[in-house]
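Enquirer: predicted coordinates and the sequence they were generated for:
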Amino acid sequence: MVLKALRYFLLFSLSSSFLQGQIVNIEQFRSSKDTSHWSFSEQFNFGLLQNTQRLMSFNNSSGLQFQQKKFRSIFLTNFSFSRTNNNDIERSGFLHLRFENSIRKYWSLEYFGQAQMDVPLKINQRYLLGAGLRASLHKRKKLSFYTGHLLMVEYDEEIETGLQHQDLRLSSYLNLNWHPSQDFTCLLITYYQPRLDKFADYRISFQGQLSFKIWKSLSFTFNAQYAFDAFPVALPNIPQQTYKLSNGINFKL
């Protein structure tokens, strides 16, 4: 079973699309345990293909979480690199720090900061600071729903145009966590992020992850992302819609 899963992982990693949106999925790194503890997650993908050209791809995602009673902190890192001959197809990454403090049975306060870059989408740097409320709509052992609504300040600097943007946005999300068994997990989340002074300038993102445990702390994961940005960087080759399909091995403690 393990060898079969690894075989499919290698084949699919070489054929996946590597366009990526700009909204970070935090939910896959949250732990549902209520006891005080540290947890760590690491996911690594690598692909190499040689025919008329050489294609090399690499992705590393890691998450560190600490939870104590009503307080939770999460630190995430991600770096993606894809290159063919002398051309970069993708070079992007982010650092994300988030704090959550429970104030009622179903309500929590959230605070976060994020630094990000994305060369293919011509974003030299993007910084975010935000705070707001997170609510539990339905919480059971196998199925749970969450929603969050946060205000965030955003600073953007574009690569080729040199333009800078400072905006105030709403960041709302709806999250579904489904755990039908200890060996299978399904996570779905949708984000909506409009500018408060111009609602026509908005971003929408849908992200999903399927995870199958293959051995103790190791899982095989399949990830799908779709993002729409109504006003991306103002260059003719920058699309409004991006998507990413990937899979790999996840190690979690």
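Expert: Thanks, I have it. Not measured: the values here are computed from a predicted model.
Enquirer: can you say which helix or strand has residue 178 in it?
Expert: For residue 178, the element it lies in under DSSP states H and E is strand 164-181.
Enquirer: the inter-axis angle of the very next helix or strand once past that strand versus strand 164-181?
Expert: Remark: after strand 164-181, the chain's next helix or strand is strand 184-195, criterion DSSP H and E. Computed with axes from the mean of the first three to the mean of the last three C-alpha atoms, to 10 degrees, the direction of strand 184-195 lies at 160 degrees from that of strand 164-181.
Enquirer: buried sites along the helix or strand following strand 184-195?
Expert: Toward the C-terminus, strand 184-195 is succeeded by strand 198-215 as the next helix or strand (DSSP H and E). Using 16 or more other C-beta atoms under 10 Å as the test for burial, strand 198-215 gives 201-211, 213-214. C-betas here are computed from N, CA, C, even on glycine.
Enquirer: looking at those residues, which is nearest residue 194?
Expert: residue 202 (3.9 Å; C-beta to C-beta).
Enquirer: how near is the closest one to residue 51?
Expert: 40 Å (C-beta to C-beta, to the nearest Å).
Enquirer: what of residue 82?
Expert: 16 Å.
Enquirer: now residue 215
Expert: Separation of residue 215 from residue 51 (C-beta to C-beta): 33 Å.
Enquirer: sticking with residue 112, tell me its helix or strand.
Expert: Residue 112 belongs to strand 107-118 when assigned by DSSP H and E.
Enquirer: packing partners of that strand?
Expert: The elements that strand 107-118 packs onto, with contact taken as 3 or more C-beta pairs under 8 Å, 6 or more residues apart in numbering; DSSP states H and E, are strand 87-102, strand 123-139, strand 143-158.
Enquirer: chain center to the longest one: distance?
Expert: When distances are taken as C-alpha atoms, centre = their mean, to the nearest Å, strand 123-139 is centred 12 Å away from the chain's centroid.
Enquirer: and the angle from it to strand 143-158?
Expert: 170 degrees.
Enquirer: just to check, residue 235 is in contact with residue 161?
Expert: Yes - in this structure, residue 235 is within contact of residue 161 by C-beta atoms under 8 Å, at 7.1 Å.
Enquirer: quick one: neighbours of residue 195, just the number.
Expert: For residue 195, the neighbour count with other C-beta atoms under 10 Å is 18.
Enquirer: if we can go back for a sec, between residue 235 and residue 161, what contacts are shared?
Expert: By C-beta atoms under 8 Å, 6 or more residues apart in numbering, residue 235 and residue 161 have these common neighbours: residue 122.
Enquirer: nearest residue to residue 206 in space, please, no chain neighbours.
Expert: Take residue 206 and drop its neighbours on the chain: the residue closest to it by C-beta to C-beta, 6 or more residues apart in numbering is residue 226, 4.8 Å away.
Enquirer: which helices and strands does the one helix or strand the one you found maps to pack with?
Expert: Using DSSP H and E, residue 226 sits within strand 218-229. Contacts defined by 3+ C-beta pairs under 8 Å, 6+ apart place strand 218-229 against strand 198-215, strand 241-252.
Enquirer: least reliable of those strands going by mean pLDDT?
Expert: The minimum mean pLDDT among the helices and strands packed on strand 218-229 belongs to strand 241-252 (a mean of 81).
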